[in-house]
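> Pasting a predicted model and its sequence here:
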Amino acid sequence: MTLAPKNRNKYLIKNWITFLINQIGRLPTGSMTKSPSAFGPYDLGSTTVYSARADARFSYCLYVPADYRAATARTELLVVVHGSPRTFMDFRSMFAEFAERQNVIVVSPLFPVGVAGDGNADGYKYVEEQGLRYDELLLDIVEEVRARYDLVTQRFGMYGFSGGAQFTNRFLLLQPEHLWGASIVAPGSVTLVDDTRDWWVGTRDVERRFGRALDFHSLRAVAVQLLIGKADTDTHEITHTENGRYWMPEANSAGRTRPERLEALHHSLRDAGVEPEIQLLPGVGHEPFSSLAVAQEFLARRLAELRR
């Protein structure tokens, strides 16, 4: 059947109004600015990929336990941060079974290369890039997930490997009040709690640079794990040179290899009153799988403490 142009327009307008009414009905009660409510076919289990509401250049995926609302334990959040290859969906999948066992929603963000148009592959690792604050972007993503899944938890855990561990190290220093735990695995460079050196090597100018001083009270309340393979000793990718984008005169001062640098971070956090766990894993090189069970055991212990 072919509709006359006048009737066809009425038909299209009627369908469009019906669509808008249905969409409004799906919005969470109390706000039309929040993310759509969940429970489409791609909002549970290994979810689809969502663009970040604060900045559509960025996106994230989730793992949501199918019965998270019926679980006896309160649903918690765990942010899992990718390394330089940006295999963010793989990192999400690595924590899928953990999410089901622990009733945790896993948030796996994607921080693409070159968001400022200059090809920079490392911006997220250092938390800021040409006025963009990756820590604040992540906080908005977390709030977006809380709204979609109607969560009451205020803090979240974080796991980061390699480049993601650099981000986790620096997020921990700048935003500790938002974390219940942080697992930092094999960072290439570290930021130490050090008031004799400027960011990113130290923290002397944090208040001037980021508008807030270090919150030592909140920092000491976060459970911190440091993991590294003893065989993770290749230095070609992590040695800063004078023509490098993030070169500073003391850029390599924390040590030559990843294990040396993680040891320096360990001592720095201990001197600041934090009590981090540290493990050097024999025979393990630069890959996340061999340390995954150790990281998940740490996070499970922390969750048990939170829920007691």
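Looks like it arrived, so ask away.
> if I read this right, Y159 contacts V294, doesn't it?
No. Counting by C-beta atoms under 8 Å, Y159 sits too far from V294 to count as a contact (11.3 Å). C-beta: built from backbone N, CA, C; applies to glycine.
> For V294, give me its contacts.
V294 makes contacts with L227, Q279, L281, as judged by C-beta atoms under 8 Å, 6 or more residues apart in numbering.
> Would you reformat these as CSV and include pLDDT?
Formatted as CSV, the contacts of V294 follow (pLDDT from 0 to 100):
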residue, pLDDT
L227, 98
Q279, 98
L281, 98
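> from those residues, which ones fall inside strands?
L227, Q279, L281 (DSSP state E).
> For burial, what's the neighbour tally of the last one?
To tie it back to what came earlier, the one meant is L281. Counted with other C-beta atoms under 10 Å, residues neighbouring L281 total 18.
> Need the nearest residue in space to it, chain neighbours excluded.
Distances taken as C-beta to C-beta, 6 or more residues apart in numbering put G229 closest to L281, at 4.9 Å, once the chain neighbours are dropped.
> Can you give me the neighbour number for that neighbour?
For G229, using other C-beta under 10 Å, the count is 22.
> surely it meets P288?
No. Contact criterion C-beta under 8 Å: G229 and P288 do not qualify, at 9.9 Å.
> Can you work out which residues contact both of the two?
Taking C-beta under 8 Å, 6+ apart as the criterion, G229 and P288 both touch A186.
> Now do the closest residue to V115 other than its chain neighbours, the pLDDT please.
Counting by C-beta to C-beta, 6+ apart, R57 is the residue found nearest to V115 once chain neighbours are left out, at 5.1 Å. On pLDDT, R57 comes in at 97.
> For the helix or strand harbouring R57, give me every contacting residue.
Using DSSP states H and E, R57 sits within strand 55-64. Applying C-beta under 8 Å, 6+ apart, the external contacts of strand 55-64 come out as 38, 43-52, 88-89, 92-93, 95-96, 99, 105-112, 115, 132, 137, 141, 145, 149.
> And for stretch 253-272?
For stretch 253-272, contacts defined as C-beta under 8 Å, 6+ apart pick out 169, 184, 186-194, 197, 201, 216, 219-220, 224, 226, 228-230, 232-235, 238-239, 276, 278, 280, 286.
> what sits against the nearest residue in space to A221 that is not next to it in sequence?
Spatial nearest neighbour of A221, excluding adjacent residues (C-beta to C-beta, 6+ apart): P176 at 7.3 Å. Residues in contact with P176, defined by C-beta under 8 Å, 6+ apart, are D215, S218, L219, A221, V222.
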